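# Here's my sequence, what's the structure:
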Amino acid sequence: MKEKETTTNIKQFQLNISGQVQGVFFRQSSLKIANQLKLCGWVCNNDNQTVSMCIKGTEINCQKMITWCHQGPPQAKVTKVTIKEESPTFRKNTFIIT
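Residues are numbered from 1 along each chain as shown. Okay, the predicted model is just below:
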């Protein structure tokens, strides 16, 4: 039987993505995927040419986004993804580019 998705399995993760991830529509593509997966959070470029992301949602959908981040959009060349699980504190119900 499929596990029911409830607020008890809501997870939040902080990600940092390295490689050729700026100037390749990574943030815009992340927004599209996050909306498809019904995730909340944010994504932003960093001064050191990496991308940071916070995602909150069901564990399975967070894992799908994390898997996607290891590849990114077609133009990206991801070399490293660091992941840190956090307490679910993000309060907005949207995913935004900051």
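# Tell me who's in contact with residue 82.
Shown in contact with residue 82 (Cβ atoms under 8 Å, 6 or more residues apart in numbering): 15-16, 18. For glycine as for every other residue, the C-beta is placed from the backbone atoms N, C-alpha and C.
# And the strands in the protein, which stretches?
Applying DSSP state E to the chain gives strands spanning 10-20, 40-45, 51-58, 77-86, 95-97.
# With pLDDT and distance to residue 75 added, can I get the contacts of residue 82 in JSON lines?
Output for the contacts of residue 82, formatted as JSON lines (pLDDT from 0 to 100; distance: Cβ to Cβ, whole Å):
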{"residue": "15", "pLDDT": "99", "distance to residue 75": "19"}
{"residue": "16", "pLDDT": "99", "distance to residue 75": "19"}
{"residue": "18", "pLDDT": "99", "distance to residue 75": "15"}
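# Which of those ranks first by neighbour count?
Neighbour counts for those (other Cβ atoms under 10 Å) peak at residue 15, which has 21 neighbours.
# what's the spacing between it and residue 69?
Separation of residue 15 from residue 69 (Cβ to Cβ, to the nearest Å): 6 Å.
# can you check residue 95 too?
Distance, residue 95 to residue 69, by Cβ to Cβ: 13 Å.
# Save the strands of the chain as CSV, and put in distance to residue 65 too.
Listed next are those as CSV, based on distance: least, Cβ to Cβ, whole Å:
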stretch, distance to residue 65
strand 10-20, 8
strand 40-45, 9
strand 51-58, 5
strand 77-86, 10
strand 95-97, 10
